[in-house]
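Trainee: need a structure here:
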Amino acid sequence: MLLKNSPAGFHLLCSDLEVLKNERTNLNFHLSIKDSKFLNYTDLDRFRLGHEVLFLSNILDKPNQETLQIGEKVTSEDIFPIVDFPKLKNQLAGFSGKITLLDSFKNVVFEFEDVDRIPEDLEEGFYEFKSNGKAISCYYLNEGSFRVPHIIVSLNLGLIYQDFVTNGTKEFHADFQRRSTVWRYILAEKFYEKFADLTILDLNSKELLFSKSEVQVSPTLKFSCLQSDIPIPLSSEEEYRFQLLDQYNPEKKTGKIVTKTLPKANADMIYPDPSKEGILYSHIFI
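Mentor: Numbering: from 1, shown residues only. Predicted coordinates for the structure are as follows:
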């Protein structure tokens, strides 16, 4: 079996597929996030690096078997606690009665009534523990692992063989959702006070997507701003073209250009507002 790297991912090549016919083994690829801005650009509700893992696999039940995530996009549903043996015992401390241990195929691996009877030689992998209507899912990682991964891509070789026999070459992909924020262009310079009616025009759609507002940047400091009416996806590409205008006439499409091209929000400009749960803002000072 050969692993060949590519700019878009990797290829798994095998000279004799028949050896995979009855294979139950999972190939687990441990990945670390090197780009410090990856999580800022990616819409994940929560992700505690070092304590949780993003689990992408061809094993779990999901509507689209072409993707490695559970739903249409990678979400918090794909994030699971990552535990070693001591942490696993802590996770199960609140369980009572018979505890059933299931593997990623929902097969019963072990049943026990005492947490101290958890097998210490448990293999690395995705597991679900059930007891009296209570259930937790986690990824078990042996204590001897060199580094705690951020992402695990788990591929079952037997399922790959079945897919290949039925459909030929099999491709898997993971689809991430870009993070969206409410953009605030903060008019921090006194220069803007002389303009009567500032607005922002989207040069691509020719629409006005921003409204006048105010933002409290410190307990004693408040600025006027132009705030986007809807959250805008962050992008590292030159995707948006916003222009600052004064006294813009929507019917005549005319107005005085104040700033020809406004800077766009980036991954360094994300601010939560404690009073508005679930909404993130990008503060762009101009």
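
Trainee: Phi first, then psi, for Y161.
Mentor: When read as degrees, to the nearest 10, the backbone of Y161 gives phi -60, psi -50.

Trainee: Check whether it really touches D16, as I assumed.
Mentor: No: using C-beta atoms under 8 Å, Y161 is not in contact with D16; the gap is 10.9 Å. Quick note: C-beta positions are derived from backbone N, CA and C, even for glycine.

Trainee: Can you pick out the residue with more neighbours from those two?
Mentor: When neighbours are counted by other C-beta atoms under 10 Å, Y161 and D16 differ, and Y161 comes out ahead with 19 against 7.

Trainee: residues contacting the more buried one?
Mentor: By C-beta atoms under 8 Å, 6 or more residues apart in numbering, the contact set of Y161 is 17, 20-21, 23.

Trainee: for the stretch 101-250 of the chain, which spans come out with low pLDDT?
Mentor: Along the stretch 101-250 of the chain, the parts satisfying pLDDT under 70 run over 144-145.

Trainee: Spell out, range by range, the helices that occur in it.
Mentor: According to DSSP state H, counting those that start in this stretch, the stretch 101-250 of the chain carries its helices in the segments 157-167.

Trainee: hmm, back to that, what subset of the contacts of Y161 is buried?
Mentor: Buried subset of the contacts of Y161 (neighbour count, 16 or more other C-beta atoms under 10 Å): L20.

Trainee: can I see the domain layout of the protein?
Mentor: Per automatic domain parsing, the domain ranges recorded for the chain read 2-167, 180-285.

Trainee: Settle this for me: V74 is touching D45, isn't it.
Mentor: No: using C-beta under 8 Å, V74 is not in contact with D45; the gap is 11.1 Å.

Trainee: center of the chain - which residue?
Mentor: Nearest to the geometric centre of the chain sits L44, at 3.7 Å (C-alpha atoms, centre = their mean).

Trainee: List the residues that contact it.
Mentor: With contact taken as C-beta under 8 Å, 6+ apart, L44 is in contact with 54, 74-76, 79.

Trainee: Can I get the contacts of Y161 in CSV including distance to S32 and pLDDT?
Mentor: Putting the contacts of Y161 into CSV (distance: C-beta to C-beta, whole Å; pLDDT from 0 to 100) gives the following:
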residue, distance to S32, pLDDT
L17, 30, 70
L20, 28, 70
K21, 33, 71
E23, 27, 71
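
Trainee: The contacts of Y161 in helices, which ones?
Mentor: If you go by DSSP state H, the contacts of Y161 have nothing in helices.

Trainee: got CSV for the contacts of Y161, with distance to N156 too?
Mentor: Formatted as CSV, the contacts of Y161 follow (distance: C-beta to C-beta, whole Å):
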residue, distance to N156
L17, 14
L20, 10
K21, 13
E23, 8
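
Trainee: Comparing V74 and D45, which shows the higher neighbour count?
Mentor: Higher neighbour count among V74 and D45: V74, with 22 against 9, using other C-beta under 10 Å.

Trainee: give the contact list for the more buried one.
Mentor: V74 neighbours (C-beta under 8 Å, 6+ apart): 42, 44, 54, 56, 174-177.

Trainee: Report the buried members of those residues.
Mentor: 42, 44, 54, 56, 174.

Trainee: residues contacting the third one?
Mentor: By that I understand L54. By C-beta under 8 Å, 6+ apart, the residues touching L54 are 44, 47, 74, 78-79, 150-152.

Trainee: Go through those residues and say which is closest to L280.
Mentor: L44 (12.0 Å; C-beta to C-beta).

Trainee: any idea how far I152 is from the closest one?
Mentor: From L44 over to I152 the distance is 15 Å, taken as C-beta to C-beta, to the nearest Å.

Trainee: Kindly report the same for T181.
Mentor: 28 Å.

Trainee: Now A267. Nearest residue, chain neighbours left out?
Mentor: Of all residues not flanking A267 in the chain, N40 sits nearest, at 3.5 Å (C-beta to C-beta, 6 or more residues apart in numbering).
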